[in-house]
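Undergrad: everything below, folded, please.
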Amino acid sequence: MIIYAKYKKKYKKVRVKQNYNVIDKNKTLMINSRIENIIVKFLNNQASNVELDELETWISDSKNELLFKAYIKTNYAIDYNLKKFNADKVKQKLLALEKSEQKTITVRKIRKKINYAVAAAIVGLLITAFVFKDSLFFSPSQTPTPTLVKHNDIIPGSDKAILTLEDGSNVELKKEKTFKTKNVNSNGQQIIYNTKKHKTTEIVYNYLTIPRGGQFFIKLADGTSVWLNSESKLKYPVAFVDGDTRKVELIYGEAYFDVSPSTAHKGSKFIVKNKFQDIEVLGTEFNIQAYKNEFNVYTTLVEGKVAVNTGKYTQNLIPNEQSILNTTNNKMSISKVDVKYVVSWKNGFFSFRGKPLKDIARVLSRWYDVDIIFKNKTLETLKFKGSLDKDQSIEEILSIMKSNTINNYQIKDNKVIIIE
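TA: Numbering: from 1, shown residues only. This is a model prediction of the structure:
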């Protein structure tokens, strides 16, 4: 399991060994009644500040943290086997969680009171539990349709990219493979450009291409951080001209930008270009999604201020706003969004908020590098809501999604066939 701890606006992967053999089911009794009561209150957003402080202190002990996670896993992580017993009791718990969620339990609020890494794991589990409650229970008279799955080598995506240097040569970047020049350094999981300011009058570009089944982090020469999603390509200068407008181009795909502020660069603007629009920023965090063969370009502002310019008109965005540019008619609409779901891909999760299965299939195809085919085309428009860990296997993802909308699927070679 991978959880993500936020530190100085950067997300760091923290790998936690899923070895629950060290905690058997009887050890949950080691949680005293007061702590258990506070945990229950916390999960229902009813704990006081004093109780939250007490819980945080208790969890600071590594043994208690493992115990806490085991308690959450035992009591709230919904597993397929739960269908076999205590279904009514668990369902009532989930209905209570649904009511609690409607009171808007946000990650931001939780983060203020408790260790972020633990909170992220809890929220992921609870969202998954709440979301799939309807598909995880059935009456004794019902029998689930068996899933047809063949052994396959489909694995989740990983950190990998192709770096194209100024001379046109390509360098493969992947885990445990290092690369270094006078301008750049990569450990195979990220690439960092020399941020030391030096005079340059000539702009030289590099390209970073992320294949299907990949993701990568890059720190540009001005200190701007960029997270690139699967099937994306970024063009950027090896070094910026001091004082001039800083320009990069998202040729296609999806990227999250944490832009170094203009105040650190003599007031110079930062512009992200795309075939259909330019985004001008002064120092901010935002997400842009502009995939090939898709008609819409999505720009989502997390914090700060941006101006989206289509050439026809300019639209300013404020935090929690998303612009949707229809590239067929060049028309733009603005809507309010919950940014944590939009940028969840960067933090190790898939978050689908009422998305059609056809759109979800595209996301999964990029990450697992598979083709997903719907034998029954009517399924493509059905909507699904859920939050899933990107480190899960494709079989685990499909098993969780399996409900009245997906009853049968088959994995053959590098294809996932949704049968019914």
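Undergrad: can you tell me which residue is nearest the centre of the chain?
TA: Centroid-nearest residue in the chain, with C-alpha atoms, centre = their mean: W345, separated by 1.8 Å.
Undergrad: find the nearest non-adjacent residue to that residue, please.
TA: In this structure, W345 finds its nearest non-sequential neighbour in N229, 5.6 Å apart by C-beta to C-beta, 6 or more residues apart in numbering. Quick note: C-beta positions are derived from backbone N, CA and C, even for glycine.
Undergrad: any stretches of the stretch 151-300 of the chain with poor pLDDT?
TA: The stretch 151-300 of the chain contains residues with pLDDT under 70 at 151-153, 197-200.
Undergrad: what ranges do the strands span in it?
TA: 158-164, 170-174, 179-180, 184-186, 190-193, 205-210, 214-219, 225-228, 232-237, 246-258, 270-273, 278-281, 285-290, 296-303 (DSSP state E, counting those that start in this stretch).
Undergrad: which residues touch stretch 307-326?
TA: Here stretch 307-326 makes contact (C-beta atoms under 8 Å, 6 or more residues apart in numbering) with 276-281, 286, 295-306, 330-339, 342.
Undergrad: state whether the residue nearest to the centre of the chain is indeed within a helix.
TA: Yes: counting by DSSP: H, G, I helix; E, B strand; the rest coil, W345 is part of a helix.
Undergrad: coming back round to it: can you flag the buried ones in the contacts of stretch 307-326?
TA: 277-281, 286, 296-302, 304, 306, 332, 337, 339, 342 (16 or more other C-beta atoms under 10 Å).
Undergrad: how about the contacts made by the residue nearest to the centre of the chain?
TA: 229, 254, 351, 363, 390.
Undergrad: neighbour-wise, give me the winner out of the residues you listed.
TA: E254 (25 neighbours; other C-beta atoms under 10 Å).
Undergrad: didn't it look like it was pressed against N287?
TA: Yes: contact criterion C-beta atoms under 8 Å: E254 and N287 qualify, at 7.2 Å.
Undergrad: let me have the strands of the stretch 151-300 of the chain in TSV, extended by distance to N320.
TA: Output for the strands of the stretch 151-300 of the chain, formatted as TSV (distance: least, C-beta to C-beta, whole Å):
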stretch	distance to N320
strand 158-164	29
strand 170-174	34
strand 179-180	38
strand 184-186	34
strand 190-193	28
strand 205-210	27
strand 214-219	24
strand 225-228	19
strand 232-237	24
strand 246-258	15
strand 270-273	19
strand 278-281	16
strand 285-290	11
strand 296-303	7
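Undergrad: the residue nearest to the centre of the chain and F286: what is the separation?
TA: Plainly put, W345 is 14 Å away from F286 if you go by C-beta to C-beta, to the nearest Å.
Undergrad: how's this protein carved up into domains?
TA: 2-131, 158-342, 351-418 (automatic domain parsing).
Undergrad: what is the end-to-end distance of the last one?
TA: Start to finish, the residues bounding domain 351-418 are 20 Å apart (C-alpha to C-alpha, to the nearest Å).
Undergrad: and stretch 304-319, by the same measure?
TA: 7 Å.
Undergrad: list the buried ones in it?
TA: Across stretch 304-319, burial judged by 16+ other C-beta under 10 Å covers 304, 306, 308, 310, 315, 317.
Undergrad: okay, N32: pLDDT?
TA: The score at N32 is 81. That number is its pLDDT.
Undergrad: give me the distance between it and Y205.
TA: Relative to Y205, N32 is positioned 61 Å away (C-beta to C-beta).
Undergrad: neighbour count for those two, which is higher?
TA: Using other C-beta under 10 Å as the criterion, N32 and Y205 rank with Y205 on top: 14 against 10.
Undergrad: how near is that one to E249?
TA: Counting by C-beta to C-beta - Y205 and E249 are separated by 9 Å.
Undergrad: overlap in contacts, the two.
TA: Residues touching both Y205 and E249 (C-beta under 8 Å, 6+ apart) are 235-236.
Undergrad: so where's the stretch 1-150 of the chain uncertain?
TA: Ranges of the stretch 1-150 of the chain meeting pLDDT under 70: 1-30, 43-46, 72-150.
Undergrad: contacts only, for S232.
TA: By C-beta under 8 Å, 6+ apart, S232 lies in contact with 209-210, 250, 252-255.
Undergrad: before we move on, what SS does P319 have?
TA: coil.
Undergrad: do you know the pLDDT at it?
TA: 94.
Undergrad: returning to that earlier point: could you export the contacts of S232 as a markdown table, including distance to K69?
TA: As requested, these are exported to a markdown table (distance: C-beta to C-beta, whole Å):
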| residue | distance to K69 |
| --- | --- |
| T209 | 38 |
| I210 | 32 |
| L250 | 37 |
| Y252 | 39 |
| G253 | 34 |
| E254 | 31 |
| A255 | 32 |
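Undergrad: which among those residues gets closest to I39?
TA: Among those, E254 lies closest to I39 (C-beta to C-beta), at 36.3 Å.
Undergrad: and the gap between that closest one and K41?
TA: 38 Å.
Undergrad: what's the answer for Y298, then?
TA: From Y298 to K41 the distance is 37 Å (C-beta to C-beta).
Undergrad: follow-up on the earlier one: nearest to E54, out of the strands of the stretch 151-300 of the chain?
TA: Comparing these by C-beta to C-beta, strand 296-303 comes nearest, at 31.5 Å.
Undergrad: just the C-alpha atoms of the helix or strand following the closest one, please, in PDB.
TA: Next helix or strand after strand 296-303 toward the C-terminus (DSSP states H and E): strand 306-309. Only the C-alpha atoms of strand 306-309 are listed here, as PDB (Å, rounded to 0.1, in the frame of the first residue of the first chain):
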ATOM      1  CA  VAL A 306      -4.600  32.200 -13.600                       C
ATOM      2  CA  ALA A 307      -6.000  33.600 -16.800                       C
ATOM      3  CA  VAL A 308      -7.000  31.200 -19.500                       C
ATOM      4  CA  ASN A 309      -6.600  32.700 -23.000                       C
END
